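>>> structure, please.
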Amino acid sequence: MRFLHGRCSLYPRLKRLAPRGIWGKILLLLLFILGSGALPQRCKAEEPALPVLIPLTGQDRVHLHSLAVDIFLEYEPLRLKFTASYRFQNPNPFNARMITFRLQTGDLEVEDLKVLIGEEEYPAPVPEKALETLIPPASKGEVLVQGDFSLEGYPLVRLIYPLDSAALWAGSVSSIRVTVHFPHLTPQDQLVVISPSSAYFDGFRLSWQWVEVEPSNKLELTLIHPSLWNRMEELTELAQKGSASAREWYELGVAYRNIALALPSDSPVFDGFYREAIACLEEARRIEPSLYQASLDLAALYRHKAFLPGGKVKAPYAALSIMELEKALDMGAPKAPFAWPLQELYISLGQQLQESGEMEESIGYFNKALQLTEEGFAGPKTKEELERMMKDSYALWAEGLLSQGEYEKALSLIAEGLGADFWKLLGIRLPLCKSARALVIMKPEVREEICICSQGPLFNPLDEDIAALRSAFPELEFREEAGRLVLYMELPFSDTEGLQAGMREKAAYVPVRGEFGACLAGLKGAQIRWEWRSELWGRRLTFGEQVDMSEAKALLDLEEAAIKRREGEIQGSEIFQTEPLQRLALTLCRIAREEWSCLRDNTTLEYELVLESGVRQSWFLKPGGVISLERELWEPYPWVKPMFGLLVFTLVLLFVLLLFRLHR
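Below is the predicted model of the structure:
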């Protein structure tokens with residue numbers, strides 16, 4: 001291998017790689033399309049397995065003594081002539097031995113193939129047809145296989161001789177020789193793969209030889225197509241002189257690209273050709289930035305490396321391929337031929353990122369693929385499939401955030417990516433509050449009720465019940481402040497029946513759910529008796545009220561039971577289309593159960609009786625509790641206290657005057 005200024009380390013040449021002009025560009029685009037953007041059909045190397053004899057019977061009595069194979073290559077046109085000499089030995093000194101075999105021809109395009117047994121000549125038999133020969137006692141016999149084959153391998157010619165099939169012949173072989181004859185002096189750089197590497201090469205012949213060996217491998221020779229080699233020689237000279245144009249650098253890069261993509265990905269020389277292709281194509285683009293064909297070929301190279309068999313998609317190479325394709329489209333490449341491979345890259349990279357937990361990037365690539373589909377370009381996935389994949393990423397992302405305690409961000413993602421349909425399928429209500437407190441203040445002229453809900457981790461500002469509260473109560477009565485929902489209701493108290501009618505009217509606007517159970521208890525579960533009796537120095541209040549928190553407990557029990565029931569339904573059926581969505585639903589059910597249980601312990605109703613005289617009495621109630629208040633309170637008239645004060649003052653003054661007079 002030769003190096004040129006550190007840029008392209010192997011510069012074999014091509015006689016005619018890329019046609020010039022506009023038709024050349026169109027041809028290159030078509031070749032890119034044929035391989036779905038990665039591997040054009042003409043980049044596939046021929047893999048002809050040369051004909052071999054396979055034993056059927058008698059190999060345990062007749063031994064293969066020697067094998068000599070000669071392969072003569074011709075370049076114009078590209079073809080080979082093949083001769084294989086099998087010499088068999090009968091070790092028995094008294095009896096002649098019969099051996100039968102068949103000819104395995106391989107996949108070559110055969111123009112002239114025959115088998116010579118002694119003076120008998122047989123045309124190429126089908127694999128099922130058996131041939132036989134009789135070997136005299138203590139003698140040797142020879143079978144010749146001759147053929148003439150046409151080769152059209154481009155850009156590589158790959159010859160395989162399955163020497164391991166000789167192992168089917170019993171025992172070791174005294175001598176094996178396989179020689180490839182070249183029509184003229186051939187540089188070693190043109191020979192890409194020589195396996196096994198122990199072959200002897202002098203420029204005209206490549207030869208393998210073994211003595212007393214049991215064959216166990218196959219021979220392989222891969223060489224660059226002669227016309228390709230010649231053209232690359234010309235391009236190398238231009239590059240060495242520094243006079244190569246962008247198109248010539250591009251042509252050289254495409255040559256390397258074709259060779260790299262024609263090689264098996266596990267070939268030891270694959271990486272060398274791959275790197276040189278990238279270097280040459282980047283040099284072409286540096287000289288001519290508008291050469292979008294170079295970006296297309298770079299995209300094909302990166303895509304090939306991203307989708308190498310035997311493993312997952314290699315995300316860095318897939319991202320580079322996407323970048324080059326998008327760059328080519330920005331420079332004017334037609335979009336229609338490359339929409340499919342671009343979508344395939346978006347989807348594959350999105351799936352890989354999804355598996356590795358990079359959900360935000362995954363959603364971005366799925367969204368790009370969806371945009372191409374919505375523009376009318378066909379792709380490997382339908383619009384419905386892409387939307388489902390995006391939802392899976394949103395679900396996995398939200399599930400991860402929930403496990404980290406970032407509930408607010410998780411709910412925001414669910415609203416953004418899964419929408420209202422997910423909540424309908426989920427079929428449960430998430431608790432809005434982590435604690436709920438209802439404060440009832442009973443005064444002679446007015447009854448105040450303040451319901452305070454401290455927003456919980458699963459608070460959903462888009463909840464329908466929150467929207468209903470906003471529309472039912474004016475701004476002064478319903479406020480959202482500092483992470484709390486505050487509902488303030490003030491009901492004038494003229495008579496008991498009017499007050500309770502007003503309470504029932506307000507209760508009709510409060511959502512019937514566990515968070516507002518204490519609030520509803522103060523409105524619906526209160527039975528009031530209020531009576532004043534006038535006396536000489538004041539008035540006496542006979543007060544009675546019963547507050548029942550049973551409904552609040554029932555609402556909380558109902559919410560928890562509904563979640564448990566729905567959780568069982570989700571586990572036992574396929575309500576959600578995909579596993580990530582189902583897992584997210586089960587996670588939300590589990591967290592909701594825990595939050596409802598917490599809310600039960602933090603729900604309180606505080607009842608406070610306040611009289612004009614400043615008398616205050618308070619009671620506290622938990623869900624399920626019932627309190628019956630029976631109080632009799634005496635309150636003096638407003639004028640009693642001033643008069644009593646004046647009387648006391650007068651008495652004190654008289655007492656002072658009396659003391660003064662007695663002292664005199």
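
>>> rest of the way, CA atoms for contacts and neighbours
Will do.

>>> can you report how many residues lie near A438?
27 (other CA atoms under 10 Å).

>>> take the helix or strand containing it, keep the C-alpha atoms, and write them as PDB.
Using DSSP states H and E, A438 sits in strand 433-442. Coordinates of each C-alpha in strand 433-442 appear next as PDB, following Å, rounded to 0.1, in the frame of the first residue of the first chain:
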ATOM      1  CA  CYS A 433     -53.900  17.900  46.400                       C
ATOM      2  CA  LYS A 434     -51.400  16.500  48.900                       C
ATOM      3  CA  SER A 435     -53.500  18.000  51.800                       C
ATOM      4  CA  ALA A 436     -57.000  19.500  52.000                       C
ATOM      5  CA  ARG A 437     -58.400  21.700  54.700                       C
ATOM      6  CA  ALA A 438     -61.800  23.200  55.100                       C
ATOM      7  CA  LEU A 439     -62.300  26.000  57.600                       C
ATOM      8  CA  VAL A 440     -65.900  26.900  58.600                       C
ATOM      9  CA  ILE A 441     -66.300  30.100  60.600                       C
ATOM     10  CA  MET A 442     -69.900  30.600  61.900                       C
END
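
>>> tell me the SS of the closest residue to P380 other than its chain neighbours?
The shortest distance from P380 to any non-neighbouring residue, by CA to CA, 6 or more residues apart in numbering, is to E344 (6.3 Å). Put simply, E344 is helix when judged by DSSP: H, G, I helix; E, B strand; the rest coil.

>>> pretty sure E344 sits against T382.
No - the pair E344 / T382 is not scored as a contact, 11.6 Å apart, by CA atoms under 8 Å.

>>> okay, these two: which has more neighbours?
Shown here are E344 and T382; by other CA under 10 Å, E344 has more neighbours (20 against 14).

>>> any idea how far E355 is from that one?
17 Å (CA to CA, to the nearest Å).

>>> just T222 next, same as before
On the measure of CA to CA, T222 and E355 end up 39 Å apart.

>>> adjacent strands (with direction) for the strand holding A438?
strand 446-455 (antiparallel), strand 603-610 (parallel) (DSSP bridges).

>>> okay, domains of the protein per the record?
Using automatic domain parsing, the domains assigned to the chain come out as 1-46+227-334, 52-152+156-224, 346-417, 433-636.

>>> what's the neighbour count on V69?
Neighbour count for V69, taken as other CA under 10 Å: 20.

>>> surely it is in contact with V52?
No - taking contacts as CA under 8 Å, V69 lies outside contact range of V52: 10.2 Å.

>>> quick one on the thing from earlier: for the domains of the chain, which one sits closest to T650?
Ranking these by proximity to T650 (CA to CA) places domain 433-636 first, at 19.6 Å.

>>> now the helices for the stretch 51-200 of the chain?
In the stretch 51-200 of the chain, no helices are defined using DSSP state H, counting those that start in this stretch.

>>> that one: strands as residue ranges?
Applying DSSP state E, counting those that start in this stretch to the stretch 51-200 of the chain gives strands spanning 52-57, 63-74, 79-89, 97-104, 109-117, 120-123, 131-135, 140-150, 156-161, 173-181, 191-195, 200-201.

>>> what residues of stretch 217-235 count as buried?
Neighbour-count burial for stretch 217-235, with 16 or more other CA atoms under 10 Å as criterion, is recorded at 219-235.

>>> next one: stretch 483-500
Those would be 484-489, 491, 493, 499-500, for stretch 483-500 by 16+ other CA under 10 Å.

>>> tell me which of those residues fall in strands.
Among these, the ones falling in strands (DSSP state E) are 484-489, 491.

>>> so what's A68 up against?
By CA atoms under 8 Å, 6 or more residues apart in numbering, the contact list for A68 reads 84-86, 176-178.

>>> and it, how far from R158?
Using CA to CA, we find A68 at a distance of 20 Å from R158.

>>> before we move on, what about Y274?
18 Å.

>>> what do you get for A130?
Distance from A130 to R158, by CA to CA: 29 Å.

>>> again, but for R484
Counting by CA to CA, the gap between R484 and R158 amounts to 76 Å.

>>> what does stretch 454-472 contact?
So stretch 454-472 is contacted by 407-408, 411, 430-436, 478, 483-485, 509-511, 592 (CA under 8 Å, 6+ apart).

>>> buried residues, it. List them.
454-460, 465-466, 469.

>>> what about the residue nearest the centre of the chain, distance to G364?
Most central in the chain under CA atoms, centre = their mean is Q351, positioned 2.2 Å from the mean C-alpha point. The spacing between Q351 and G364, counted by CA to CA, is 11 Å.

>>> now swap in E74 and tell me
Using CA to CA, one obtains 54 Å as the distance from E74 to G364.

>>> looking at those two, which one has more neighbours?
E74 (17 against 14).
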